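Peer 1: okay, structure incoming, though there's no sequence with it:
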């Protein structure tokens, strides 16, 4: 039997203020969360607001297990332009400082921009070198703040969206304060779910658990798509994983149906995990 903690990303409510979501999340049975950095959800630049969130989390008894760094087209820690790369690093550093105020354990980051770039081989190599250097800086900053930098595998059509690139980046980094967050939906679309788990298991700190039907990044609750969860969880168990599963699912317009779907998915994951020997 495996008894991994199962938490919820507040990203399912990314268009709502985090203050409107915390009590319903707790009432829905979740006391462990990943905090989303969407501007409409949480203005992490406003540290007074961040401190209010931290106080609310403490009062409710909710643990902020992880914090998702901001990601967008203009945030590019791989950029060949020094000013763009430096500005992106400052944005990520600001998010890390907010995450530390919330007491988070892991700082989750995408290793590259949210663009389907297909650069030349020379540019790709230079961008890989830049991302390793940038992540060294971010990992050191996280270490100073008492967190671990955790790199998430990206969608396969994006730059560095495959397991081979993840392994290269990890190998090129000199800072050891780094781990991996395996996104099941991304890996499923890449056709690498089992491969990614096997090759990245030594670095694995957490799972972003979502499902899809093999075509789009649907962010379905686990059990509602085509991922073979009993098989995946067996492999996870056999890899001696000791981290946490954070469900990263799409939200509905109303909070209650989203939380009910999340609750059912958590029951599903726990039931399948408990069946493991």
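Peer 2: Sure thing, it's come through. These numbers were taken from a predicted model, which means no experiment stands behind them.
Peer 1: please make it C-alpha for all contacts and neighbour counts, starting now.
Peer 2: Noted.
Peer 1: tell me the phi and psi of the residue nearest the centre of the chain?
Peer 2: Centroid-nearest residue in the chain, with C-alpha atoms, centre = their mean: residue 108, separated by 4.8 Å. Dihedral pair for residue 108: phi -90, psi 130, per degrees, to the nearest 10.
Peer 1: contacts only, for it.
Peer 2: Residues in contact with residue 108 (C-alpha atoms under 8 Å, 6 or more residues apart in numbering) are 66-69, 149-152, 181.
Peer 1: can you add distance to residue 137 and secondary structure and give those residues back as CSV?
Peer 2: Listed next are those as CSV, based on distance: C-alpha to C-alpha, whole Å; DSSP: H, G, I helix; E, B strand; the rest coil:
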residue, distance to residue 137, secondary structure
66, 19, strand
67, 18, strand
68, 17, strand
69, 14, coil
149, 10, strand
150, 13, strand
151, 13, strand
152, 17, strand
181, 19, strand
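Peer 1: looking at those, spot the one nearest residue 175.
Peer 2: Set against residue 175, the nearest of the contacts of residue 108 by C-alpha to C-alpha is residue 149 (9.9 Å).
Peer 1: which residues of the protein fall in strands?
Peer 2: 6-9, 32-35, 63-68, 106-109, 148-152, 178-183, 204-209, 244-247 (DSSP state E).
Peer 1: run a quick neighbour tally on residue 215.
Peer 2: 9 (other C-alpha atoms under 10 Å).
Peer 1: next, count neighbours for the closest residue to it other than its chain neighbours.
Peer 2: For residue 215, ignoring the flanking residues on the chain, the nearest one in space by C-alpha to C-alpha, 6 or more residues apart in numbering is residue 189 at 6.7 Å. Around residue 189 there are 20 other residues, counting by other C-alpha under 10 Å.
Peer 1: what about residue 189, distance to residue 13?
Peer 2: Using C-alpha to C-alpha, to the nearest Å, we find residue 189 at a distance of 24 Å from residue 13.
Peer 1: same check on residue 265?
Peer 2: 17 Å.
Peer 1: same question for residue 159.
Peer 2: 27 Å.
Peer 1: and if you look at residue 274?
Peer 2: 29 Å.
Peer 1: okay, the two: which has more neighbours?
Peer 2: residue 13 (23 against 13).
Peer 1: surely the more buried one touches residue 248?
Peer 2: No: between residue 13 and residue 248 there is no contact under C-alpha atoms under 8 Å: 10.5 Å.
Peer 1: and residue 19, which of the strands of the chain is closest to it?
Peer 2: strand 32-35 (11.6 Å).
Peer 1: quick one: contacts of stretch 141-155?
Peer 2: 93, 96-97, 100, 104-111, 138-139, 160-163, 166, 177-183, 186-187, 189-190, 205.
Peer 1: 6 Å - rerun?
Peer 2: By C-alpha atoms under 6 Å, 6 or more residues apart in numbering, the list of residues contacting stretch 141-155 from outside reads 100, 105-110, 139, 161, 177-182, 186.
Peer 1: all helices of the stretch 51-200 of the chain, in order?
Peer 2: Using DSSP state H, counting those that start in this stretch, the helices found in the stretch 51-200 of the chain span residues 82-101, 121-145, 163-172, 184-189, 193-200.
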